[in-house]
Structure formats: structure tokens, C-alpha cells
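A.B. asks: The following block contains a protein sequence and its predicted model.
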Amino acid sequence: MTDRYTKAVNSGFTQTLAKKLGLPRPAVLRRYRAGDSLTVGPVLVVSDGASKADADAIAQTLLGWDLDVRREPTDDVRWGAVVLVLTEATAPTDASEAVLATGSVLRRLAGNGRVVTVSRAPADGDSPALSATRHGVDGFLRSVAKELRGGATGNGVVLTDDVAVDDPSVLGTLRFFLGAKSAYVDGQLLRVGPTADGVPAADAPEPATDRPLTGQVAVVTGAARGIGAAIARTLHRDGATVVCVDVPAAGEALAATANAVGGTALQLDVTAEDAGERILAHARERHGRLDVVVHNAGITRDKLLANMKPGQWDAVIAVNLAAQLRINAALLEAGLEGLRIVSLASTSGIAGNKGQTNYAFSKAGVIGHTRATAGLLAARGGTANAVAPGFIETEMTSRIPFATREVARRIPSLAQGGQPVDVAEAIAFLASPAAAGVNGQVLRVCGQHLVGQ
Ligand code: NAD
């Protein structure tokens with residue numbers, strides 16, 4: 001699954017040669033396997049003075065996850081992760097000691113190690129010093145992530161003011177960032193709020209559970225291949241019954257995915273007027289309920305705008321954006337309790353991309369409707385979030401000309417493309433009870449691609 005270049009620079013004679021020539025050597029990323037430990041070594045938990053109680057609470061939780069937790073930086077350890085807690089820092093200088101303590105162990109951070117900040121989101125009414133401190137953490141995290149080597153990543157959990165550090169969604173997000181499921185998520189800060197009112201107690205997040213979607217029914221569009229097939233497999237692994245949707249022309253591959261995950265196939269063009277009603281009817285009639293919808297079906301029709309034909313523009317908007325809006329309207333109309341919607345955006349929709357005005361419009365539109373839908377779903381205990389992949393190795397990207405593709409692979413901090421499973425893991429996390437407090441957010445799965453925010 002690893003691309004040929006990454007394989008070559010990590011083995012045998014070609015590894016030695018790459019070292020001698022000083023070629024970039026992207027690391028082999030550690031991905032989730034049941035039974036593996038969460039981190040690759042001991043976890044250092046550091047904080048500023050005022051955040052010590054929050055750091056203590058986090059350290060206790062990590063101990064409960066069977067991790068080797070330390071509170072002092074020492075020279076004798078190959079660290080698996082550093083958790084830097086700055087939740088109560090109010091002035092820029094508050095952060096200095098803990099940040100430098102983090103720096104003091106980075107040379108001994110293991111390959112595939114983690115740096116995770118836990119801080120608070122800037123809010124209206126923050127004093128200038130508080131706002132500076134909170135924004136400062138963002139800049140720090142994005143920069144330290146770029147300095148890490150060997151497949152190590154840096155990400156941040158950003159709490160809103162009304163959420164406690166031991167809130168299940170905070171801990172669930174921390175767990176996602178510490179573990180192998182976030183292998184290709186790098187340089188990202190995810191905002192976590194309190195769990196929406198109306199989430200039934202039975203849905204109380206249980207971050208440590210292996211199959212968090214047990215008993216739930218999930219619909220995945222564009223499931224015949226690529227990222228969609230990986231999403232179906234991952235949601236199934238996590239316990240969900242999966243309805244796999246794709247166009248009739250992809251029927252055979254669709255049936256193969258559905259069979260592999262013990263789910264059902266629904267041949268449907270998502271641009272159909274009644275797509276939302278048909279998805280709902282299928283889920284209810286065949287499986288009795290609907291809990292998760294993943295809008296993954298998507299197409300590209302790349303052209304410079306000067307050469308864009310109406311059909312190329314219209315097709316992309318219809319499949320990537322208008323279909324999601326229409327299906328969401330039908331789902332909202334049905335008034336489902338606790339519905340989780342996760343939609344595929346793209347880094348092109350954040351930073352723009354030459355030749356992709358149509359695609360970028362559609363993907364930025366996905367981010368827009370996700371933010372607006374979040375509040376509507378929260379009223380019934382649901383969430384709407386988007387995942388923005390960077391360069392992922394699929395049939396869609398295999399059509400990109402070789403030189404452009406090779407450059408796209410090496411630009412991210414992790415210096416490689418992601419795998420479909422990396423996107424699927426992020427989606428499975430956002431669909432899980434552990435992410436109940438994550439709503440209206442965009443999580444990039446891009447290996448810290450140097451575009452956009
Ligand atoms: P893919 O082309 O390999 O698969 C897309 C699937 O969607 C196919 O099975 C296709 O038949 C299905 N589909 C297309 N139109 C449909 C319709 N009208 N109704 C139902 N199904 C339809 O693409 P992929 O690379 O797996 O991408 C999946 C999603 O991720 C897309 O939304 C894409 O825009 C997004 N994405 C991909 C990348 C990447 O690097 N591959 C990056 C950013 C975002």
C-alpha cells in the first residue's frame with residue numbers, strides 16, 4: 001500500500017543510496033491494528049502552572065488506558081508522545097516553560113510519536129493577552145508538527161470555554177490524536193465543545209471501546225471503490241451495519257464491498273431528486289434505523305475556468321454539493337435523533353487549486369453547509385462535520401499526470417500521500433459517540449499539506 005518511493009527509501013540498498021544522496025525519506029506510517037498499544041512508548045504530560053489540575057486529570061485518564069505516563073522529561077526514555085496542557089494559560093509567557101520542556105524531549109521522540117496540545121479556543125470577550133495566548137498555541141502546534149520526523153505528528157485538541165478537560169469528547173479526541181488511527185492527520189487543531197443537549201445517556205461516549213458503532217446503521221455513498229469502500233470497511237470494523245450506495249454502473253464493485261462488510265447495497269445516483277427519501281427508506285426497511293450518513297460520492301472534471309464547459313461545471317456541483325444538500329434536507333425533515341453526518345470536503349476547497357474551480361466551489365460549499373447544518377442537527381443530539389483529505393492514493397488521483405502526482409506526494413510534512421483508510425479512520429472517529437462534542441468542524445487528513453489554514 002505504501003508508494004514505491006517510500007518503500008525504496010526505507011529498505012536495503014536504495015535506503016543507503018537515498019541517505020547518501022540526501023533524498024527525502026518519508027517514513028512508513030504506523031496504522032491501527034487491533035491489539036496494538038495506543039502509543040509507541042511512554043507519554044510525557046506537561047503543563048503550565050495554572051493548568052496543572054487539568055494535566056493531572058489527563059494523566060489519570062492515560063493511566064486508565066494502560067499507558068506508561070511520566071510527568072518529568074528525562075533522558076533515558078524513547079518517548080511515544082508528549083501531551084502539552086495549556087488550558088488555563090492566560091498570558092504568552094505562561095506557556096514558555098512547558099513548551100521548552102516539550103522541546104527538550106523531541107530528539108528522543110520515537111518514530112510515529114505524537115505531540116498533542118490541549119488548549120482553549122479563542123472566544124468573544126477574551127482579553128488581548130488571553131486571545132494572544134490562545135492563538136499562539138495554534139501557531140506553535142502547526143510549526144512543531146513541521147519539525148517532527150519519522151512519521152511523528154503534532155495535533156491539538158481545542159476546548160471551548162464551556163467544556164471540561166475530562167469531558168468524554170475531549171478525551172476521545174485526545175485518544176484519536178495519540179493513536180495510530182490518526183496516522184495521516186498532522187498539524188491540525190480540532191475544536192471540541194460540550195456534548196449537545198438531548199443525547200441519550202446510553203450514548204455516553206466510551207472512548208476506549210473497540211466497536212463504538214455497535215447497533216448503529218451507517219450509509220456510505222460512493223462505496224464501490226476508493227475512499228468510500230475503505231469507509232464502509234472501517235465503519236463495519238467499528239460495529240456498524242453498513243448500507244453501501246453507488247451508481248448502477250458500479251454495481252459489481254458495489255456488491256463486492258457490501259458483501260465484504262456484511263451490509264446491503266443500494267444502487268442509486270445521489271443526484272436523483274428522491275435520493276434522500278430512498279436512502280432513508282432502504283435503511284429503515286432493511287435495517288430498522290439510520291444513525292450515520294457519510295457523503296463520500298464525488299467526481300472531478302478538471303479544466304481551467306477559461307476552458308470549462310457548462311457540463312463539466314454542472315456535473316461537479318450536482319454530485320459533490322447539490323446532492324448532499326438535497327439528501328440532508330430529506331434527513332432533517334425526517335427528524336432523526338442523534339444523526340451523524342460526515343461529508344467529504346477537500347484541501348482544494350480550502351486553499352484553491354488551479355484547474356479545479358468547479359471542484360473547489362463544491363468542496364468549499366460542503367464546508368459551508370456542514371457549518372450551517374451543525375446547529376440544526378444539534379437540536380436533536382446530532383452532529384455534522386467534514387473531512388478534508390489532501391492527496392490520497394486512489395483511482396481518482398492515479399489519473400493525475402505523474403510529475404504533478406509525485407510533487408503532490410512530497411509536499412506535505414509527512415512527504416507522502418495518504419491511504420483511503422486514513423480518511424476512513426477520521427470519519428469513523430467523527431461518527432463515533434466519542435466525538436459527540438465535535439460539531440460543525442473540518443478535520444483535514446492531509447499529512448500537513450502546505451496549503452490553506
Ligand atoms: P473515486 O473516484 O475512487 O470513487 C468515487 C466513488 O463515487 C465511485 O465509486 C463512484 O462511482 C461514486 N460516485 C460518483 N458519482 C456518483 C453518484 N452520482 N452517485 C453515487 N455514487 C457516485 O474517488 P475517491 O478518491 O475515493 O474520492 C472519494 C471522495 O473523497 C470524493 O468526494 C472526493 O472528492 C474526495 N476526495 C478525494 C481525494 C483524493 O485524493 N482521492 C482528496 C480530497 C477529497
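C.D. replies: Yep, it's here.

A.B. asks: Run through the residues that contact the residue nearest to residue 151 when sequence neighbours are not counted.
C.D. replies: Once flanking residues are discounted, residue 151 sits nearest to residue 27: 3.4 Å by Cβ to Cβ, 6 or more residues apart in numbering. (Glycine included, C-beta is placed from N, CA and C.) Residues near residue 27 by Cβ atoms under 8 Å, 6 or more residues apart in numbering: 6, 10, 111, 112, 149, 150, 151, 414.

A.B. asks: Now do residue 27 against residue 419, distance only.
C.D. replies: 14 Å (Cβ to Cβ, to the nearest Å).

A.B. asks: With residue 154 instead?
C.D. replies: Taken as Cβ to Cβ, the span from residue 154 to residue 419 is 20 Å.

A.B. asks: who has more neighbours, these two?
C.D. replies: Neighbour totals were compared for residue 154 and residue 419, and residue 154 leads with 29 against 22 (other Cβ atoms under 10 Å).

A.B. asks: Surely the more buried one forms part of a strand?
C.D. replies: Yes. Remark: residue 154 belongs to a strand, assigned using DSSP: H, G, I helix; E, B strand; the rest coil.

A.B. asks: So in terms of bridging, what pairs with it?
C.D. replies: On the basis of DSSP bridges, residue 154 is bridged to residue 115.

A.B. asks: Residue 131 contacts residue 122, doesn't it?
C.D. replies: Yes. In this structure, residue 131 is within contact of residue 122 by Cβ atoms under 8 Å, at 5.2 Å.

A.B. asks: In terms of neighbours, single out the busier of those two.
C.D. replies: More neighbours surround residue 122 than the other of residue 131 and residue 122, with 18 against 14 (other Cβ under 10 Å).

A.B. asks: I'd guessed the more buried one sits against residue 133; true?
C.D. replies: No. Under the criterion of Cβ under 8 Å, residue 122 is not in contact with residue 133, lying 9.1 Å apart.

A.B. asks: Would you mind listing the buried residues in the host helix or strand of residue 323?
C.D. replies: Using DSSP states H and E, residue 323 sits in helix 323-334. Neighbour-count burial for helix 323-334 flags 323, 324, 325, 326, 327, 328, 331, 332 (criterion: 16 or more other Cβ atoms under 10 Å).

A.B. asks: likewise stretch 160-167?
C.D. replies: Those would be 163, 165, 167, for stretch 160-167 by 16+ other Cβ under 10 Å.

A.B. asks: before we move on, back to that, sort out which of the contacts of residue 27 are in strands and list them.
C.D. replies: 111, 112 (DSSP state E).

A.B. asks: Going by neighbour count, which of the contacts of residue 27 are buried?
C.D. replies: Looks like the contacts of residue 27 have 6, 111, 112, 151, 414 buried, using 16+ other Cβ under 10 Å.

A.B. asks: need the contact list for the second one.
C.D. replies: Yep, that's residue 111 we're talking about. 27, 30, 40, 149, 150, 151, 152.

A.B. asks: restrict these to contacts with the ligand.
C.D. replies: Taking Cβ under 6 Å from any ligand atom as the test, the ligand is in contact with none of the contacts of residue 111.

A.B. asks: Residue 297: which of those is nearest?
C.D. replies: Of all these, residue 297 sits closest to residue 30, with 30.1 Å by Cβ to Cβ.

A.B. asks: Give the helix, strand or coil label for the nearest residue to residue 258 once chain neighbours are set aside.
C.D. replies: Leaving aside its chain neighbours, residue 258 sits nearest to residue 265 (3.9 Å; criterion: Cβ to Cβ, 6+ apart). Three-state call for residue 265 (three-state DSSP): strand.

A.B. asks: how near is residue 265 to the ligand?
C.D. replies: 12 Å (Cβ to the nearest ligand atom, to the nearest Å).

A.B. asks: repeat for residue 229
C.D. replies: Counting by Cβ to the nearest ligand atom - residue 229 and the ligand are separated by 8 Å.

A.B. asks: Which secondary structure element is home to that residue?
C.D. replies: Judged by DSSP H and E, residue 229 forms part of helix 226-237.

A.B. asks: Following element in sequence after that helix, please.
C.D. replies: Downstream of helix 226-237 (by DSSP H and E), the next one is strand 241-246.

A.B. asks: Run through the helices of the stretch 201-350 of the chain in chain order.
C.D. replies: 226-237, 251-260, 275-287, 310-317, 323-334, 348-351 (DSSP state H, counting those that start in this stretch).

A.B. asks: quick one, which of these is packed in tightest?
C.D. replies: helix 226-237 (a mean of 25; mean count of other Cβ atoms under 10 Å).

A.B. asks: Now do it, average pLDDT.
C.D. replies: Averaged over helix 226-237, pLDDT sits at 98.

A.B. asks: Go ahead and produce CSV holding the CA coordinates of that helix.
C.D. replies: The C-alpha trace of helix 226-237 is given here as CSV (Å, rounded to 0.1, in the frame of the first residue of the first chain):
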residue,chain,number,x,y,z
GLY,A,226,-11.5,4.0,-3.2
ILE,A,227,-12.1,6.0,0.0
GLY,A,228,-15.8,5.0,0.1
ALA,A,229,-15.0,1.3,0.2
ALA,A,230,-12.4,2.0,3.0
ILE,A,231,-15.0,3.9,4.9
ALA,A,232,-17.5,1.0,4.6
ARG,A,233,-14.9,-1.4,5.9
THR,A,234,-13.8,0.8,8.8
LEU,A,235,-17.4,1.5,10.0
HIS,A,236,-18.1,-2.2,9.8
ARG,A,237,-15.0,-2.9,11.8
